[in-house]
Every structure is written in C-alpha cells, then in structure tokens.
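Participant: Here's my sequence, what's the structure:
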Amino acid sequence: MNIGMIGLGDMGRLYAKAFATAGYQVCGCDLPDNRQKLEDELNPFGIHIMDNGKDVSRTSDLIIYSVEAESLARVVAECGPATKYGAIVAGQTSVKTPEIETFEKYLPADAQIVTFHAMHGPGFAPKGQKLILINHRADEEAYQRMLDLFTALETDIVEIANYHDHDKIVADTQAVTHVGFESMGTAWKEAGFFPWENASYVGGIDNVKILTTLRIFSYKAHVYGGLAIMNPYARQQVKRYAVSESELFKLMIKEEEEAFRQRLYRARDFVFHEIRKPIMLNDTVMREFALGQKPEHQKPNSHLSILSMVDAWYHLGVNPYDNLICQTPPFRLRLGIAEYLFKNEELLEESILTAVYDKTIRGDDLEFHSAVREWSSIIGYGDMEGYKKHFNDVQAFFKGRLEEGNKQSAELIRRLMME
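Facilitator: I've put the predicted structure just below:
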C-alpha cells in the first residue's frame, strides 16, 4: 500500500517516518518553502517529497490529510478531486465533525473514508499509544487494511462506531481538560509568579498540574484552538466547567462551608462511587518531579481547578472513566489527580477549608476564576484568533521553562504509567 501524506508538520512527519519504518512506501507534500528541509529530514527514510497535494492524491492508495483543522476544507477542495480511484482517505484532525463534512463535500463518491485520531502529541512515538479508528464510508477490505496498518505500528487501536461519539468524548478528554490547564497557566501569568516558586504549589498534585500546564503550552496554539472551537460538543462542556467554577467560587467568597462541602461530596459520590479500576497515581513518583526547591513550609491549596472539573462531570452526567477509551496523557493525569484528591478524605477536607477560609490563596483563585471565564468566552464566541493570541501570551510568559517542563512531564507520564 502506497501512503501519501498531505501536510508534513509535526504529526505528519511523525507518522510518515513510522509508516516508512514499518515497510510502507510513503510520499508527501507540504508548503514549497519547506521542501528542502523536509527532503533533508525524510529522504533518509525513503520518503519521497512531491510537488503538491494533487500529485499525492493521484498516486496514493491511502491519502492522509495532516493539516491544520481551519485549513482542511481549502486543502481538500483543491486536492480531493484528484483522489485515486477507490483510494482510502483519512484525516488526522482531532475533531471529526467538520472533517467528515469536508470529505463528504469534496471527495469522489468512490473514495473510502476511514479516519483516525492519534491520542498523543508529537513527543511520543505511535507504538503503544491509543489511536481511534472510525469507519465512516468504507468496505470491509479497506477497513481491514487500515487495521493492519496501525497494528503494524503497534498502536493501541480503539474502534469507535461513528464520528459523533468520538467528538462527544474528545470534548471532555481534550477540550475541557486543556481549558483547565490553560486557565491555570493564565492565572499564574496574571498573578506574575511561577508556581514552582510559590509554597502553595508544592507537592505531588501540584507537580502534575504545573508540568502538564507547561506541556500544553510547549505545543502550538492552533492544535488546541481547533479542538475547542471546531468541536460542536466542546462549547457546551467548556461552558459547564465555567459555570461550575463560578458557582463554587461564589460559595467560597460567601464562606458557605456546608453548601460547598455538600455539593462536592455529591459530585464525588457520582464520579467515584462505582467499583472501577482506579488510576492510583503514585504520590512518591509525583513528588519527585518538582521544578523548584521545596520551601520550608508547604501551604495548603484549594485545588479549585480540580474541584470544578469533578463538579462539572456531575452536572454533565459524564463518568470520566468511560472516556478513558479516548484518553490522552493530560486527561489521564487530570482524572488521576482528581481521583487522588477526592478519594483522600483528609486531603479533600483540607482543600474545602482552604477554599472557604484561607484568604492567602484567594487572590490566586480569583485569577483562576477570571481566566476560566476568559477562555470560556473566547471558545463560546468561536474566536480562533483570540484563542491563539491568549495562548501565545501565556506561552511567552513560561518560555524559559517549557522545554524542561515538556521533558519532565514526558518522564512523569512514563513513570506513572509504569506503576
């Protein structure tokens, strides 16, 4: 099977190399200005760089569109009519509703559509990583060829019946998860401090929060913007997260301890009551991964970001353990630290009392409250440019530590997954 990649960005190159290494014939294209650099990098793998996407479409048995979500319609409109008769076509975008609508509009009727979603970033090789496979419009033989392809890459294949189910799950595992961490990053930027230098952000849970936030901001804004803005199910879930956070914050500033506690315990009993295989993050491992020196006295933390997520799951009627089929490392870590907090009654009570009565952290929680509202509004308005600017501003604040944070988070993920 000849595989053609239209778009050779970070993920396109990663999978082009993986296919070639597995023994497949691979060609691809990207913007003309990138050609020499791509040839230098990919020719040693036997990957042929072609002039344009039409040439790739005309000659490939499998055509994979690996372009930014906001550019997909333009690229498919240009290259789709040249699709080889009976070829399989797939997309690598993380939101499938607009992708499938674009394929239906511009691809020939004989094209077989089997799309996929790699549930990891370019920092991880495909081997062992979850990959979602969706047969939208293909016969059994074409679908089996796609199963064989990703089996050869040793990915952890999860088959989902249709793209609507995929987008509903991904709204939780990616869009809302990212907004939570992006809001933390924004809050720290606006407060003007690095969290690893603050006594309120020391310890296992906070190490995970900090490193995952840095990991997200080490990547490109358009990836996260597309996930949040182009997913038709994401806005509702992000809005619910913002409402949960706002309602909890109001109870905090009014010091309504009993109402606050009852609400969180109700959410806890909904999310964590079933006998599920727990994630069980190892506290000893989490504590190892600190960016700063441990202060003499650790201060308690309200963990408002985690409390809000569990409350939002309750109000959405979502059990996050069901969504582990589409898990990403940040989502698994987020669910893991939520589980760690809510199943430790002593720690949960400390967070409740800190949230309601500790004025020394109230300013940080106010910044987080404002950040969640800002991100929710940007996503609600569908403002892609505003999303990118907001993201890039926070990215610039953490610029000096993003590479280290990305490396440490990758090792943290590896260690925790092994436990």
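
Participant: would you list every one of the helices in the stretch 201-350 of the chain?
Facilitator: In the stretch 201-350 of the chain, the helices defined using DSSP state H, counting those that start in this stretch lie at 204-217, 221-229, 234-253, 257-272, 283-288, 304-316, 329-342, 345-357.

Participant: and the angle for the fourth one with helix 345-357?
Facilitator: It refers to helix 257-272. With axes from the mean of the first three to the mean of the last three CA atoms, to 10 degrees defining the directions, helix 257-272 sits at 140 degrees from helix 345-357.

Participant: Which strands or helices does helix 257-272 pack on?
Facilitator: helix 234-253, helix 304-316, helix 329-342, helix 345-357 (3 or more CB pairs under 8 Å, 6 or more residues apart in numbering; DSSP states H and E). C-betas here are computed from N, CA, C, even on glycine.

Participant: Quick check: mean pLDDT of the second one?
Facilitator: For helix 304-316, the per-residue pLDDT values average out at 97.

Participant: Who are the packing partners of it?
Facilitator: helix 177-191, helix 234-253, helix 257-272, helix 329-342, helix 345-357, helix 362-380.

Participant: which stretch in these has the least confidence?
Facilitator: helix 329-342 (a mean of 91).

Participant: can you redo the helices of the stretch 201-350 of the chain as JSON lines with distance to residue 179?
Facilitator: Formatted as JSON lines, those follow (distance: least, CB to CB, whole Å):
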{"stretch": "helix 204-217", "distance to residue 179": "10"}
{"stretch": "helix 221-229", "distance to residue 179": "7"}
{"stretch": "helix 234-253", "distance to residue 179": "5"}
{"stretch": "helix 257-272", "distance to residue 179": "18"}
{"stretch": "helix 283-288", "distance to residue 179": "22"}
{"stretch": "helix 304-316", "distance to residue 179": "10"}
{"stretch": "helix 329-342", "distance to residue 179": "11"}
{"stretch": "helix 345-357", "distance to residue 179": "20"}
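
Participant: Deepest in the core, which of the ones you listed is it.
Facilitator: With neighbours taken as mean count of other CB atoms under 10 Å, the helices of the stretch 201-350 of the chain reach their highest mean count in helix 204-217, at a mean of 25.

Participant: Give me the packing partners of that helix, helices and strands only.
Facilitator: If contacts are counted by 3+ CB pairs under 8 Å, 6+ apart, helix 204-217 sits against helix 177-191, helix 283-288, helix 329-342, helix 384-397, helix 402-418.

Participant: Figure out the length between the terminal residues of stretch 28-36.
Facilitator: 13 Å (CA to CA, to the nearest Å).

Participant: Kindly report the same for stretch 229-237.
Facilitator: The first-to-last residue distance of stretch 229-237 comes to 12 Å (CA to CA).

Participant: Identify the residues contacting it?
Facilitator: With contacts defined as CB atoms under 8 Å, 6 or more residues apart in numbering, stretch 229-237 is touched by 69-70, 95, 97-98, 167-168, 170-172, 175-176, 227-228, 312, 316, 318, 379-380, 382-384, 387.

Participant: again, only this time at 6 Å
Facilitator: Residues outside stretch 229-237 that contact it (CB atoms under 6 Å, 6 or more residues apart in numbering) are 69, 95, 97-98, 167-168, 171-172, 175-176, 228, 379-380, 382, 384.

Participant: so which of the helices of the stretch 201-350 of the chain gets nearest residue 364?
Facilitator: Of all these, it is helix 304-316 that lies closest to residue 364, at 8.6 Å by CB to CB.

Participant: ok and that closest one relative to helix 177-191, angle-wise?
Facilitator: Using the same axes, to 10 degrees, helix 304-316 lies at 150 degrees relative to helix 177-191.

Participant: Export only the CA atoms of helix 304-316, formatted as CSV.
Facilitator: Once non-C-alpha atoms are left out, helix 304-316 reads as follows in CSV (Å, rounded to 0.1, in the frame of the first residue of the first chain):
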residue,chain,number,x,y,z
LEU,A,304,-10.2,24.9,42.7
SER,A,305,-9.4,23.7,39.2
ILE,A,306,-9.9,20.0,40.2
LEU,A,307,-13.0,20.7,42.3
SER,A,308,-14.6,22.5,39.4
MET,A,309,-13.9,19.6,37.0
VAL,A,310,-15.5,17.0,39.2
ASP,A,311,-18.5,19.2,39.8
ALA,A,312,-18.8,19.7,36.0
TRP,A,313,-18.7,16.0,35.4
TYR,A,314,-21.5,15.5,37.8
HIS,A,315,-23.7,18.2,36.2
LEU,A,316,-23.0,16.9,32.7
